[in-house]
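[1] please find the sequence and the predicted model below.
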Amino acid sequence: MDNCIFCKIAKREIPSNEIYEDEDILAFNDINPAAPIHFLLIPKMHIDSLTDAQDIHQSLLGKMLLLAPQLAKKQGCENGFRTIINTGPAGGQEIFHLHFHIIGGRDRLPGMI
Ligand code: 5GP
Ligand code: ZN
């Protein structure tokens, strides 16, 4: 996708603070962190959102989910973390390249979903 900021990050056309890479997946710190630890896990291939994920993406999505706790631990989430996937406009999604938010480093606040 030519105009997708996360595709550009995956292709190193835009810099990011990377914390993990393999042939399918990239993880990098969120530019506007909502907590002391806040990074994004993306597939390198462009998928608009979770709504657009298909059966062919099953192993990729499983790989991302299994990677999340490993990276969270390495980043310092000792007591757990939150995994958020905003999906579609009503889900608060702003960047339409599928991404998991991994958020930790502070306790869940009252009222926080
Ligand atoms: P969404 O609302 O789409 O789930 O979240 C998009 C996230 O991407 C936001 O938390 C925002 O701070 C982050 N973000 C947007 N642009 C960039 C960027 O250029 N670099 C990085 N590292 N994060 C970004
Ligand atoms: Zn993209």
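    Received the coordinates, thanks. Ligands and ions are numbered 1, 2, ... in the order given.
[2] give me the mean pLDDT for stretch 65-76.
    Averaged across stretch 65-76, pLDDT comes to 98.
[3] give me the number of residues near residue 71?
    19 (other Cβ atoms under 10 Å). Glycine gets a C-beta too; all of them are placed from N, C-alpha and C.
[4] which bits of the protein sit near ligand 2?
    1, 4, 6-7, 46, 97 (Cβ under 5 Å from the ion).
[5] export the residues you listed to a markdown table and tack on secondary structure, pLDDT and neighbour count?
    Below are those laid out as a markdown table (DSSP: H, G, I helix; E, B strand; the rest coil; pLDDT from 0 to 100; neighbours: other Cβ atoms under 10 Å):
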| residue | secondary structure | pLDDT | neighbour count |
| --- | --- | --- | --- |
| 1 | coil | 77 | 13 |
| 4 | coil | 98 | 15 |
| 6 | helix | 98 | 22 |
| 7 | helix | 98 | 17 |
| 46 | coil | 98 | 16 |
| 97 | coil | 98 | 22 |
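[6] among those, which two are most distant?
    Farthest pair in these (Cβ to Cβ) is 1 and 6. Separation: 8.8 Å.
[7] tell me, what's touching those two both at once?
    Here residue 1 and residue 6 have 46, 97 as joint contacts, going by Cβ atoms under 8 Å, 6 or more residues apart in numbering.
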